[in-house]
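K.L.:
build the 3D model from these lines:
(chains A, B and C)
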Amino acid sequence: MQEDLERLFSDLKKRRPLVHHITNFVTVNDCANITLCVGGAPVMAEAKEEVAEMVSLAGALVLNIGTLRSEQVDSMLIAGRRANELGIPIIMDPVGAGATKYRTQTTLRLIQELKIAVLKGNAGEIGVLAGSGGTVRGVDSCGCKGDPAEIVCEFAKRIEATVVISGPTDTISDGRRSLLVDNGHELMGRISGTGCMASSIVGAFAAISKDHVLSSGAAMAAFGIAGENAAKNAKGPYSFKVRLFDEMARLTPKDLKERARIRFA
Amino acid sequence: MQEDLERLFSDLKKRRPLVHHITNFVTVNDCANITLCVGGAPVMAEAKEEVAEMVSLAGALVLNIGTLRSEQVDSMLIAGRRANELGIPIIMDPVGAGATKYRTQTTLRLIQELKIAVLKGNAGEIGVLAGSGGTVRGVDSCGCKGDPAEIVCEFAKRIEATVVISGPTDTISDGRRSLLVDNGHELMGRISGTGCMASSIVGAFAAISKDHVLSSGAAMAAFGIAGENAAKNAKGPYSFKVRLFDEMARLTPKDLKERARIRFA
Amino acid sequence: MQEDLERLFSDLKKRRPLVHHITNFVTVNDCANITLCVGGAPVMAEAKEEVAEMVSLAGALVLNIGTLRSEQVDSMLIAGRRANELGIPIIMDPVGAGATKYRTQTTLRLIQELKIAVLKGNAGEIGVLAGSGGTVRGVDSCGCKGDPAEIVCEFAKRIEATVVISGPTDTISDGRRSLLVDNGHELMGRISGTGCMASSIVGAFAAISKDHVLSSGAAMAAFGIAGENAAKNAKGPYSFKVRLFDEMARLTPKDLKERARIRFA
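P.N.:
Got it, this is the predicted structure:
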């Protein structure tokens, strides 16, 4: 598998996929910069007048509900339908689903009306969406009921998507194959935006391969390794953040091959 | 008083209050990160469909009009009424009030329709709102007419809130007791967002104690000390900003006790 | 010319012009901070209720369509008409024009309905708008057909504005005089927001002189020199970004005089 990761990341850097985001206004700049650092090209566009045209240029569409508004839902549906027509993978980050009904229900509606390639959330969000139970406070996970590995597998089967629960160990499944990724550093949880950035990276990798279990595993491992590198000698959370972007930009396909701690579940 | 500050900050770190922001899109990321650094949990949500539910999970609600839009006003009223019902303190930052009638009048309306716990602005903004006179250019204070200490005291009495004028010396009053805080560094005025970040920190502390004169004093002192520490060896305004977050995260309750320069007026 | 650059930058620092932005939510914080670093005062306001009043306080108005929405177009027109009445220069950054019809047509409409002082884009954007041909992918230029120097000159004449194509060499013309600026560093293309920041700086300088060829040249040179300085010992794109702000704040009028690589075409 390690060779597959290296090849994927190498292809990403060669092809520089356009990653169209419809996302929140809190972490949008971080998403743009991390997309550049990993080797993609970010674009943020959400006017209903242009999203169908913009997404048609893209290699992936990232939908993130961090500061959801009703006009955004319309735009997500328009862009998402066009992406589905063109076979462009959609990555869904249900930020804060479970904290309010609006977020939960909107996510479930988007999952139902669109073909989602990868649904990536924290344990609380995915637990709530899967119906197995979870707790979300604001945008923070307070955990899910049951075993994450089982939840992602069953939920992935049901919604016919790859599902990712991020955490100290990331759990990834499409219902048939499941991966666990152990890369990362606890400082990543001390700054705003790492969850959103991970989804941008998952989007950039999803543009490269139709095997979204592998591409998501590569993305989570790559970001996690960048976090491990950034944590060395970090003086605090924000200087860690600065280093996180630098390390993401510096990471090579060879590094990913050698450092990814990834295994089939 | 110094022991009270230490205890408040210690409680904040233990309780990790959720601070719900309805805020501007310029400094929102800074507000999220500084809330994390001080020990709180930020959430930004402004859809009218969800703000009542989101605020009910929160320890404080921060309303910031930095890029005010009419839909935001509706959401601020919905969230604010629910916060008032539940006894959740509301912090109001009237960014740019006085620069345009829209900002001045919206702030006065919010103060009238909601019970505000803490109103925090610069001298120009508070001077304009209090009716004593002030000048605001864009979002910058050009000062107020008269003595800030008298203005906050009288205005606080009138609107039954704690009022804070930020500046080289911060002036805080609920109309009965007044505090002055001398912490801070002039580099804090050289970057965008320190006023907004201060309001987020005031919000995090307001979630911990109903004594909002004290909690606001603790907040302004804590942020000011972080600024003083960050200014050491800073190479410019943005590397100062990076250090400001790191130093806010590193500040301990004991540091606050020992370094706060705070006194009754 | 070098003495003119020095004087312009010196005047900018003395007068600290207010630069009113109606801009995108991706890079808005970067625009605010770079405006502060160069010596201006940023304000971001886009509610139709207040933009006419806010712009009347300003030295320049920057319109940036990076995350264009229909309400923003209305506000741009209201603010722009008031700016025109008051003789306040308008800087237009047509981010992503050419990538979607909505961006291209909105830009052309704004150019037609408002008197634009400076139109600044990349080669692809300006090529598309000028009708000479260009390619834009997301918000990235894939180049224009023909010679940039000829395109800016002819397009500037036609729309009666100063036109800037940014790139390794920036090309600036009002149809009579043309300037080339060779400052800059390739790392500036590796982070999000440098194009938008350049427009903010062009806005700050445009507030100081009615000679917008010269003021735009000074702006592009100043930002480019800051980039050159920031690139020294940079460890990656984001630590470069931190240094870019610091170096912009540190740059003196004398540095600009001595280091600007600017010449008539």
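
K.L.:
please count neighbours and contacts with C-alpha atoms only from this point.
P.N.:
Will do.

K.L.:
so for stretch A:240-260, what gets flagged as buried?
P.N.:
A:240-253, A:256-257, A:260 (16 or more other C-alpha atoms under 10 Å in any protein chain shown).

K.L.:
point me to the residue of the stretch 151-265 of chain A nearest chain C.
P.N.:
Distance from chain C to each residue of the stretch 151-265 of chain A (C-alpha to the nearest C-alpha) is smallest for A:D246, at 4.5 Å.

K.L.:
now do the strands in the stretch 101-250 of chain A.
P.N.:
A:118-122, A:134-137, A:140-144, A:162-166, A:170-173, A:178-181 (DSSP state E, counting those that start in this stretch).

K.L.:
return the most buried member of those strands.
P.N.:
Compared across these, strand A:170-173 shows the largest average neighbour count, a mean of 30 (mean count of other C-alpha atoms under 10 Å in any protein chain shown).

K.L.:
and that strand, which strands flank it?
P.N.:
Strand pairing for strand A:170-173, determined by DSSP bridges: strand A:162-166 (antiparallel), strand A:178-181 (antiparallel).

K.L.:
can you pull the residues of the stretch 101-250 of chain A lying near chain B?
P.N.:
A:101-103, A:137-139, A:190-192, A:235-239 (C-alpha under 8 Å from any C-alpha of the partner chain).

K.L.:
buried ones among those?
P.N.:
For those, buried by 16+ other C-alpha under 10 Å: A:102-103, A:137-139, A:190-192, A:236-239.

K.L.:
want to throw the strands of the stretch 101-250 of chain A into JSON lines with distance to A:N29?
P.N.:
Output for these, formatted as JSON lines (distance: least, C-alpha to C-alpha, whole Å):
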{"stretch": "strand A:118-122", "distance to A:N29": "19"}
{"stretch": "strand A:134-137", "distance to A:N29": "24"}
{"stretch": "strand A:140-144", "distance to A:N29": "20"}
{"stretch": "strand A:162-166", "distance to A:N29": "21"}
{"stretch": "strand A:170-173", "distance to A:N29": "24"}
{"stretch": "strand A:178-181", "distance to A:N29": "26"}
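
K.L.:
which one of the ones you listed lies closest to B:L114?
P.N.:
strand A:134-137 (24.8 Å; C-alpha to C-alpha).

K.L.:
low-confidence stretches in chain A?
P.N.:
Of all residues in chain A, none has pLDDT under 70.

K.L.:
show me what contacts the closest residue to the residue of the stretch 151-265 of chain A closest to chain C other than its chain neighbours?
P.N.:
When the adjacent residues along the chain are set aside, A:D246 lies closest to C:G236, with 4.5 Å between them (C-alpha to C-alpha, 6 or more residues apart in numbering or on different chains). Contact partners of C:G236, counting by C-alpha atoms under 8 Å, 6 or more residues apart in numbering or on different chains, are A:245-247, A:249-250.

K.L.:
A:M44: neighbour count?
P.N.:
Counted with other C-alpha atoms under 10 Å in any protein chain shown, the neighbours of A:M44 add up to 26.

K.L.:
what bridges to it?
P.N.:
A:H21.

K.L.:
can you name the residues that contact it?
P.N.:
A:M44 neighbours (C-alpha under 8 Å, 6+ apart): A:20-23, A:32, C:26, C:66-67.

K.L.:
and the closest residue to A:A249 other than its chain neighbours, what are its phi and psi?
P.N.:
In space, and not counting its chain neighbours, A:A249 is closest to A:C37: 4.3 Å by C-alpha to C-alpha, 6+ apart. Backbone geometry at A:C37, expressed as degrees, to the nearest 10, gives phi -60, psi -30.

K.L.:
quick one: neighbours of A:C37, just the number.
P.N.:
By other C-alpha under 10 Å, the residues close to A:C37 number 26.

K.L.:
for B:Q72, find the nearest of the strands paired with strand A:170-173.
P.N.:
Here strand A:162-166 is closest among the strands paired with strand A:170-173 (C-alpha to C-alpha), at 31.8 Å.

K.L.:
the closest one to strand A:118-122, inter-axis angle?
P.N.:
Inter-element angle recorded for strand A:162-166 and strand A:118-122: 20 degrees (by axes from the mean of the first three to the mean of the last three C-alpha atoms, to 10 degrees).

K.L.:
grab the CA positions of strand A:162-166 and hand them over as CSV.
P.N.:
Extracted in CSV, the C-alpha atoms of strand A:162-166 (Å, rounded to 0.1, in the frame of the first residue of the first chain):
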residue,chain,number,x,y,z
THR,A,162,-16.6,6.3,1.9
VAL,A,163,-16.9,7.5,5.5
VAL,A,164,-14.1,8.9,7.6
ILE,A,165,-14.1,9.4,11.3
SER,A,166,-11.2,11.6,12.2
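
K.L.:
can you list contacts of that strand?
P.N.:
Residues contacting strand A:162-166 (C-alpha under 8 Å, 6+ apart): A:117-123, A:126, A:148, A:152-153, A:155-156, A:170-175, A:195, A:212-213, A:216.

K.L.:
one step back: distance to C:E46 for the strands paired with strand A:170-173 - can I get that in CSV?
P.N.:
Below are the strands paired with strand A:170-173 laid out as CSV (distance: least, C-alpha to C-alpha, whole Å):
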stretch, distance to C:E46
strand A:162-166, 37
strand A:178-181, 44
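
K.L.:
backbone phi and psi for A:D211, please?
P.N.:
Here A:D211 shows phi and psi, under degrees, to the nearest 10, equal to phi -80, psi 90.

K.L.:
who does the residue nearest to A:G121 when sequence neighbours are not counted bridge with?
P.N.:
What sits nearest to A:G121 in space, not counting adjacent residues and going by C-alpha to C-alpha, 6+ apart, is A:I165, at 5.4 Å. A:I165 has these beta-bridge partners by DSSP bridges: A:G121, A:T171.

K.L.:
can you give me the buried ones in stretch A:74-84?
P.N.:
A:75-84.

K.L.:
so is it next to chain B?
P.N.:
No - using C-alpha under 8 Å from any C-alpha, stretch A:74-84 never reaches chain B; the gap is at least 14.0 Å.

K.L.:
go on, stretch A:62-72?
P.N.:
Yes - using C-alpha under 8 Å from any C-alpha, stretch A:62-72 reaches chain B at A:66-70.

K.L.:
which helix runs longest in chain A?
P.N.:
helix A:212-231 (DSSP state H).

K.L.:
and that helix, C-alpha only, in CSV?
P.N.:
Only the C-alpha atoms of helix A:212-231 are listed here, as CSV (Å, rounded to 0.1, in the frame of the first residue of the first chain):
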residue,chain,number,x,y,z
HIS,A,212,-11.6,6.9,-2.1
VAL,A,213,-10.7,4.6,0.8
LEU,A,214,-7.1,4.8,-0.3
SER,A,215,-7.1,8.4,-1.4
SER,A,216,-8.7,9.4,2.0
GLY,A,217,-6.1,7.3,3.8
ALA,A,218,-3.3,9.0,1.9
ALA,A,219,-4.8,12.4,2.7
MET,A,220,-5.2,11.8,6.4
ALA,A,221,-1.7,10.3,6.7
ALA,A,222,-0.1,13.1,4.7
PHE,A,223,-1.7,15.8,6.9
GLY,A,224,-0.9,13.8,10.1
ILE,A,225,2.7,13.5,9.2
ALA,A,226,2.9,17.3,8.5
GLY,A,227,1.4,17.7,12.0
GLU,A,228,4.0,15.5,13.5
ASN,A,229,6.8,17.4,11.8
ALA,A,230,5.3,20.8,12.7
ALA,A,231,5.0,19.8,16.4
